[in-house]
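**Student:** here's a sequence, model it:
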Amino acid sequence: MLSQTATRGIFGIHAKRLPRARMKALLKEGSNVSVQLMPRPELTDARSVVVRVAMAGLCRTDLYAAEGKIKVCDPLVLGHEFSGVIEEVGSEVNALKTGQRVTVNPILPCLNCQYCQSGNSSVCQNTTFLGVDRCGCFAEFVSVPASAVLPLPDGMSDLAAAYTEPVAASLAVLKANLQPEEKGLIYGSNRFSQLLKQILNFKSLTNITIYDPSSDGPIDEGSFDYVVETIMTSESLSGMVRAIRPGGKIVLKSRQYEPVALKMTELLKKEPVMHVCNYGSFEDAIELLATGKLDIDSLVDGIYDLEDFPKVLRAAKQKESLKPFFAPGGSR
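**Tutor:** Here you go, the predicted structure:
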């Protein structure tokens, strides 16, 4: 059932000026998160598209946004990992067409800075993010720039395609120049660490251990050449420094919203090389997923309707071993 607030909120007062068809969406408005009926999004400009969302994954960032732990626009449709079908294209969009199956890179460059103007938008410092700075994909439809849209190969499932963003995030770790002969540690046991281990193994990096600080024993001092974090706290950073050999590598990956303390006396003794990695190539992520060699199904909690969000968010806060997905048009 839709919440009692489904027809209220700021969208209701503008209904006469928005004669568009309506859609279901998981909306954060102030401190309230609920399923609401709201107008379907329009094309934002001639170079945008509207996508009908097929499958949308929930991640840690979405939980932080829902809880107000990170600053987001208000009101906001949550979500940023998804796949779908193009429903409408802008008049200046030539490379995409309606009915085409796609996924979307949720990091949107500004297109105006020196990096964007020089064709290097991947390092734009003024990016916005779907589901944080603009309405995201926990809805039946979402409007996005055509430049962020990536067509999908035939045969790729909606579920696999919705995993493109986490795979691209995992591929970023390869920027740290990890070598097959090196001994590696993934710090933290969760769905991201399991995905990351699969990807590194696929790239011939097989001498890797996943470490769960909540249940595994102490790490032997200096026993790893590199460590990749998936849980970023002051305590975990101390543990990672302990784990690597002098001169080893620490790869930082998490999008931690709170400050983390560094103990310089620990770092100075080890003189580690620290790599902070954002994203790898989304095109490479799609290509890797298309091989079918990643076991995505083992990382999926289930597929849910938007109305199931209270139990889905509650369960996701308690453990991160599996990823839940929403099917905004209905899972059954």
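
**Student:** can you report how many residues neighbour residue 38?
**Tutor:** When neighbours are counted by other C-beta atoms under 10 Å, residue 38 registers 25. Where you see a C-beta, it was placed from the backbone N, CA and C, and this is true even at glycine.

**Student:** neighbouring strands - and their directions - for the helix or strand where it lies?
**Tutor:** Assigned by DSSP states H and E, residue 38 belongs to strand 32-39. When sheet partners are counted by DSSP bridges, strand 32-39 sits next to strand 22-29 (antiparallel).

**Student:** pull the contacting residues for the closest residue to residue 21 other than its chain neighbours.
**Tutor:** Closest residue to residue 21 apart from its sequence neighbours, by C-beta to C-beta, 6 or more residues apart in numbering: residue 40 at 5.0 Å. Contacts for residue 40 (C-beta atoms under 8 Å, 6 or more residues apart in numbering) come out as 20-23, 50, 140-141.

**Student:** export these to a markdown table and tack on pLDDT?
**Tutor:** Shown next, in a markdown table, are those (pLDDT from 0 to 100):
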| residue | pLDDT |
| --- | --- |
| 20 | 60 |
| 21 | 87 |
| 22 | 92 |
| 23 | 96 |
| 50 | 97 |
| 140 | 97 |
| 141 | 97 |
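
**Student:** flag the shaky bits of this structure, pLDDT-wise.
**Tutor:** Scanning the chain for pLDDT under 70 picks out the ranges 1-20, 330-332.

**Student:** residue ranges for the helices of it, please.
**Tutor:** In the chain, the helices defined using DSSP state H lie at 60-67, 114-117, 158-161, 164-171, 191-202, 234-243, 264-270, 282-290, 309-318.

**Student:** please identify the most buried of those helices.
**Tutor:** The highest mean neighbour count among the helices of the chain, using mean count of other C-beta atoms under 10 Å, belongs to helix 164-171: a mean of 24.

**Student:** which other residues reach that one?
**Tutor:** For helix 164-171, the external contacting residues (C-beta under 8 Å, 6+ apart) are 57, 59, 80-81, 83, 103, 105-106, 150, 192, 195-196, 199, 253, 278-282, 284-286, 288-289, 294, 323.

**Student:** do the same with stretch 172-180
**Tutor:** 184, 196, 199-200, 203-207, 225-226, 228, 249, 251, 253, 275, 277-280.

**Student:** using CSV, list the CA coordinates for that stretch.
**Tutor:** Taking C-alpha atoms only, stretch 172-180 is exported to CSV below (Å, rounded to 0.1, in the frame of the first residue of the first chain):
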residue,chain,number,x,y,z
ALA,A,172,39.0,1.3,-9.4
VAL,A,173,41.2,-0.7,-7.1
LEU,A,174,43.3,-1.8,-10.1
LYS,A,175,44.6,1.7,-10.4
ALA,A,176,46.8,0.9,-7.4
ASN,A,177,49.0,-1.3,-9.6
LEU,A,178,48.5,-4.5,-7.6
GLN,A,179,50.7,-7.4,-8.8
PRO,A,180,49.8,-11.2,-9.0
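
**Student:** list the buried residues in it.
**Tutor:** Across stretch 172-180, burial judged by 16 or more other C-beta atoms under 10 Å covers 172-174, 176, 178.

**Student:** among the residues you listed, which pair sits farthest apart?
**Tutor:** Across those, the longest distance by C-beta to C-beta is 11.7 Å; it joins 172 and 178.
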